[in-house]
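Peer 1: predicted model and sequence follow; I will ask about them next.
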Amino acid sequence: MSDTTQDGSHETRADLLRSDATELEVIEVREGAFGVHGTGDTSGFGGLRRPVVMPGASTPPYGGWFDEVAERIAGGEGLADAIEKVVVHRGEITFFIRRELLLPTARHLRDDPALRFEFFSGVSGVHYPSETGRELHAVYHLLSMTHNRRIRLEVTCPDADPHVPSVVSVYPTADWHERETWDMFGLVFDGHPHLTRILMPDDWQGHPQRKDYPLGGVDVEFKGGFIPAPDSRRSYS
């Protein structure tokens with residue numbers, strides 16, 4: 001599979017992968033199997049230490065059409081500082097966008113003829129409790145059917161101020177995606193036409209896919225054996 005560049009040359013996915021020189025950053029170190037704490041462990045897994053890593057920032061040139069897209073974003077009106085950092089990893093590109101500039105960036109990505117990211121695939125949430133001041137991430141997947149290109153946008157915000165602009169006015173299909181992300185992670189999409197729960201009951205307390213959400217569960221009895229609920233047996237992280 002190859003893409004044709006502006007000068008008429010062909011670029012394969014292998015070429016993009018060769019441009020991927022992103023270093024990994026350690027954001028935390030987990031101990032024990034599955035993050036379990038406060039219990040004896042005779043399996044030997046209790047001594048595990050596992051770093052949790054994320055791709056760090058990449059530096060230009062990013063390779064191929066990645067550079068063209070980065071330049072077109074920064075060249076949009078009022079968007080010179082929209083990009084916080086760029087990550088090129090495994091042949092894919094992610095633009096970290098300042099949350100206050102997300103909406104004009106999305107509109108520019110859709111409307112600029114050289115970009116034309118007209119298809120919104122979805123937004124999902126991620127919770128990184130140890131990333132102080134950037135605990136919540138909203139991740140957007142965009143496709144340009146015109147130019148056969150895919151990119152990812154990522155916006156971060158702190159737990160103390162979990163607000164991100166809604167992109168429903170630019171991509172109407174974001175409606176239910178933003179509702180699900182709010183429901184599961186507690187990200188508040190300002191300007192959404194009707195930000196209500198979509199999976200959990202309206203009166204549900206908390207956001208179940210956050211890493212600090214309690215395991216809950218019920219006690220189970222099976223053929224005379226009794227198993228207490230998960231949150232009363234062990235503490236996981």
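Peer 2: Okay, I see it.

Peer 1: quick one: low-confidence ranges for this protein?
Peer 2: Where the chain drops to pLDDT under 70, the residues are 1-22, 33-46, 233-237.

Peer 1: show me where it has strands.
Peer 2: Ranges of strands in the chain, per DSSP state E, are 2-4, 10-12, 24-31, 49-55, 83-89, 92-97, 119-127, 136-144, 149-157, 163-165, 188-190, 220-222, 225-227.

Peer 1: could you check the angle the fourth one makes with strand 24-31?
Peer 2: Here strand 49-55 runs at an angle of 150 degrees relative to strand 24-31 (axes from the mean of the first three to the mean of the last three C-alpha atoms, to 10 degrees).

Peer 1: what is strand 49-55 packed up against?
Peer 2: strand 24-31 (3 or more C-beta pairs under 8 Å, 6 or more residues apart in numbering; DSSP states H and E). (C-beta placed from N, C-alpha, C; glycine too.)

Peer 1: partners of the spatially most central residue of the chain in the sheet?
Peer 2: Residue closest to the average C-alpha location in the chain (C-alpha atoms, centre = their mean): Val139, at 3.4 Å. Beta-bridge partners of Val139, counted by DSSP bridges, are Ser124, Glu154.

Peer 1: and if you look at Glu25?
Peer 2: Met54.

Peer 1: what's the local residue count around it?
Peer 2: Neighbour count of Glu25, defined by other C-beta atoms under 10 Å: 12.

Peer 1: Asp202 contacts Thr196, doesn't it?
Peer 2: Yes: with contact defined as C-beta atoms under 8 Å, Asp202 counts as touching Thr196 (6.6 Å).

Peer 1: wait, which of the strands of the chain is closest to Glu68?
Peer 2: For the strands of the chain, proximity to Glu68 was assessed by C-beta to C-beta; strand 149-157 is nearest, at 9.4 Å.

Peer 1: can you pull the contacts of Arg149?
Peer 2: Arg149 makes contact with Asp3, Trp65, Val69, Phe117, Leu143 under the criterion C-beta atoms under 8 Å, 6 or more residues apart in numbering.

Peer 1: at 7 Å what do you get?
Peer 2: Trp65 (C-beta atoms under 7 Å, 6 or more residues apart in numbering).

Peer 1: what about it, distance to Val69?
Peer 2: From Arg149 across to Val69, the span is 7 Å (C-beta to C-beta, to the nearest Å).

Peer 1: can you check His141 too?
Peer 2: For His141 relative to Val69 (C-beta to C-beta), the value is 14 Å.

Peer 1: who has more neighbours, the two?
Peer 2: Higher neighbour count among His141 and Val69: Val69, with 23 against 17, using other C-beta under 10 Å.

Peer 1: do I have it right that the more buried one meets Leu153?
Peer 2: No: using C-beta atoms under 7 Å, Val69 is not in contact with Leu153, being 11.1 Å away.

Peer 1: need the longest helix for this structure.
Peer 2: Secondary structure of the chain read by DSSP state H shows that its longest helix is helix 174-185.
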